[in-house]
Every structure is written in C-alpha cells, then in structure tokens.
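Asker: Requesting a structural model of the entry that follows:
(one chain, ligands or ions: 2)
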Amino acid sequence: MNDHGSMRQTERLAADAAGLARAADILRDGGLVAFPTETVYGLGADATDAEAVAGIYAAKERPSFNPLISHLDSFESARSQGWFDETATRLAEAFWPGPLTLVVPVAPSCTVSDLARAGLDSVGLRVPAHPLAHALLERTGRPVAAPSANRSGRVSPTDADHVLGDLDGRIDAVLDGGAAQVGVESTIVSCLGGTPRLLRPGGVPREAIEALIGMKLEEGGEAGSGPLAPGMLASHYAPRAQVRLNATSIQPGEAALLFGPGAPQGVEAAQATLNLSKNGDLVEAAAHLFSYLRQLDASDATTIAVGPIPETGLGEAINDRLRRAAADR
Ligand code: AMP
Ligand code: MG
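Answerer: Ligands and ions are numbered 1, 2, ... in the order given. Okay, here's the model as predicted:
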C-alpha cells in the first residue's frame, strides 16, 4: 500500500479453516484484513506493527489519528498488554468475550505499537465474542488493531458486501462471515484509576456495567471534551516541548523532526534530529510519528521544529496531530 491507499487485489475469504489460515497469514505479514465481530466488521492489522497500523489509516482515508482498539483472543492475552485493576478485572470477567472495550494503562510487556495507541500510555482492549473473530485472533497470535471497516465518514459495515463497497482494492482481504449481529459499536469504558468512565455507549448497556460494579460511571472524557480534570483521560498525546511547524530552518538548540531527503538550514546545530522518512514515504512517517516525538521531547530541547510534510494521503492525519501538539502550548 502506498500512502494514498493504492489499488490492490482484495480477496474474499470463506469462513472456513483455509480462509482463516489465509487471513491470519496476511495479518502476520503486515497486511489488512476486514473481519466480522459481533458489533460491526473491523478493519484489522497487526497492532504491534506500526506500518501495518498506518495502512489502516491510509485505506480508510482517516484524516486524524485516534487510538484504536486492539482485539485479543482471551483475557489472558489482554493481561499481557494492559494493567487491570480490580474493577477492570471484574468487567473483563463479566463481559468478555463481548462488545465491551476497556481502556487500561499499558502493561510493561505491552507490544501494541505507539501508533495504535496514538502515543498514549493507555491501551484500548477488547475480546470479541464472534466465533470467527475469535478463531482469527487465536490463529494470528497477536493483538489486532481494528476500527470499523469503512471509509472515513461512511457508516459502519455489517456485512462483507458493505466492506467491499467501501474498501475493495484498498485492503488485502475480507473474511466473509455473513451479517454482524449487533450493528452498534462496542461500549468503551476507561479504567485508569478512580471511577471508571463511559467513553462511548455501545453494545453492553451502561446499566449492566453499573449494576456489576455497584457505582455510576463517570461521563465522557473522549477526545476534545474540554480541559483535563485530575484523573481524567488525556485526549491525546502532547509533547512537553513546544512544537514549531513548517520549519525550513532550525535554530540552535531546537530538536528537528524532518521528513524527506532535504536538510534544512542550521540542522547541524540541532539538539537532536530524527527523520520520519528519508525517502518521503508517508506510511513510514506515520509509523514513526509518536515514538520520534517522544524521543525528541526527551532530548530536553524547548522546541521541536518540524519540517514541512505534504498535506496528501496520510500527511493529513500526521499534520493534524502535529497541529494539535503545536496548539497545546
Ligand atoms: P473505534 O472507532 O471503534 O475503533 O473506537 C476507537 C475509540 O476507542 C477511540 O476513539 C477512543 O475513544 C477509544 N480508545 C481506544 N483506545 C484508547 C485509549 N488508549 N485511550 C482512550 N481512548 C481509547
Ligand atoms: Mg467507525
């Protein structure tokens, strides 16, 4: 896939042993496979492979990066990715497998890529109940990042034909498991200490969750919902340093985040320099974005100067995130 979601042959795979084996192989090779869950069809990629995850954004033409839900075959697998406090453990034991996503702090052994977490120190995890999803995840043996398998701005797909209507030629395969059962997305609850928070209503009713844990869920806290109160979810990763965009020259002591083959004026004097993609590949750049921002932030420079990045393909999402980082200060 190039950064504009170039054409590829999309295989329609049958819901049998051969289809599952093929789908798992494609995922392990860094490809994109749409698959049914009990909510909607998800567009899956190996969550541990940032370039594969970048491919999801390219195929969907999503103009911004938000954290994706990583799907797992069992609570046991989820436990090696995230840290479950008592409440999160009770929710997982009661509602998994099923249409509940839990946002929890990353575990030390977490392998979900920065890009799939949008740079956050938390991770969104779900164990789906759909038998095909379960079988695919078991065979893949890795967390699979999967937002809904539609192009950005269109409705979530509930069967393989919907998926192909939007993404034929842009993804490697769709595992055809007939119609999804719920048709609404998973309920998302964050358990990051303090009272759990309902980030999105969905397939598991709020009342069922509140009855189980014996308390009311806090409201909202999703991206862009105002200032951060203590204990509230950070809506996105923000570097400590200031961010200066479209820098064509670097001031002494600044850290430089570059894109493409050129070397801006003054780069020799930079505190630290990283290039998102020397040959100008936006998929590679997206895959590196969050880890490079963190590395440059750790250099102690007061400002990260970012070279110009084209506003095409994945460049739109990259620039969106950088603009937010710049506006945070
Ligand atoms: P979807 O569009 O169904 O893939 O759901 C993605 C949503 O999951 C995001 O917009 C977030 O609301 C939520 N989410 C996933 N992971 C996290 C996380 N680490 N922190 C906060 N929210 C998350
Ligand atoms: Mg969606």
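Asker: so residue 100 makes contact with residue 91?
Answerer: Yes: between residue 100 and residue 91 a contact is recorded at 6.6 Å, counting by C-beta atoms under 8 Å. Just so you know, the C-beta spots here come from the backbone N, C-alpha and C atoms, and that holds for glycine as well.
Asker: and the closest residue to ligand 1 within the stretch 101-250 of the chain, bridged to which residues?
Answerer: Nearest residue of the stretch 101-250 of the chain to ligand 1: residue 124, at 2.4 Å (C-beta to the nearest ligand atom). Partner residues in beta bridges with residue 124, using DSSP bridges, are residue 69, residue 103.
Asker: can you tell me which residues contact it?
Answerer: Counting by C-beta atoms under 8 Å, 6 or more residues apart in numbering, residue 124 makes contact with 67, 68, 69, 70, 101, 102, 103, 117, 188.
Asker: that older thread, overlap of the contact sets of residue 100 and residue 91?
Answerer: Common neighbours of residue 100 and residue 91, counting by C-beta under 8 Å, 6+ apart, are 189, 209.
Asker: sorry, back to before: find me the pLDDT at the residue of the stretch 101-250 of the chain closest to ligand 1, would you?
Answerer: On the pLDDT scale, residue 124 is placed at 97.
Asker: do the same with residue 327
Answerer: pLDDT, residue 327: 86.
Asker: what does the stretch 1-150 of the chain put close to ligand 1?
Answerer: Applying C-beta under 6 Å from any ligand atom, we find that the stretch 1-150 of the chain lies next to ligand 1 at 66, 67, 68, 69, 103, 117, 120, 122, 123, 124, 147, 148.
Asker: Turn the residues you listed into JSON lines, columns for distance to residue 55.
Answerer: Formatted as JSON lines, the entries for those read as follows, by distance: C-beta to C-beta, whole Å:
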{"residue": "66", "distance to residue 55": "16"}
{"residue": "67", "distance to residue 55": "17"}
{"residue": "68", "distance to residue 55": "12"}
{"residue": "69", "distance to residue 55": "16"}
{"residue": "103", "distance to residue 55": "23"}
{"residue": "117", "distance to residue 55": "16"}
{"residue": "120", "distance to residue 55": "20"}
{"residue": "122", "distance to residue 55": "23"}
{"residue": "123", "distance to residue 55": "19"}
{"residue": "124", "distance to residue 55": "19"}
{"residue": "147", "distance to residue 55": "12"}
{"residue": "148", "distance to residue 55": "15"}
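Asker: Just the buried ones among these, please.
Answerer: Buried members of these, counted by 16 or more other C-beta atoms under 10 Å: 66, 67, 68, 69, 103, 117, 120, 122, 123, 124, 147, 148.
Asker: Looking at pLDDT only, which of those residues scores worst?
Answerer: In terms of pLDDT, residue 66 ranks lowest among those, with 91.
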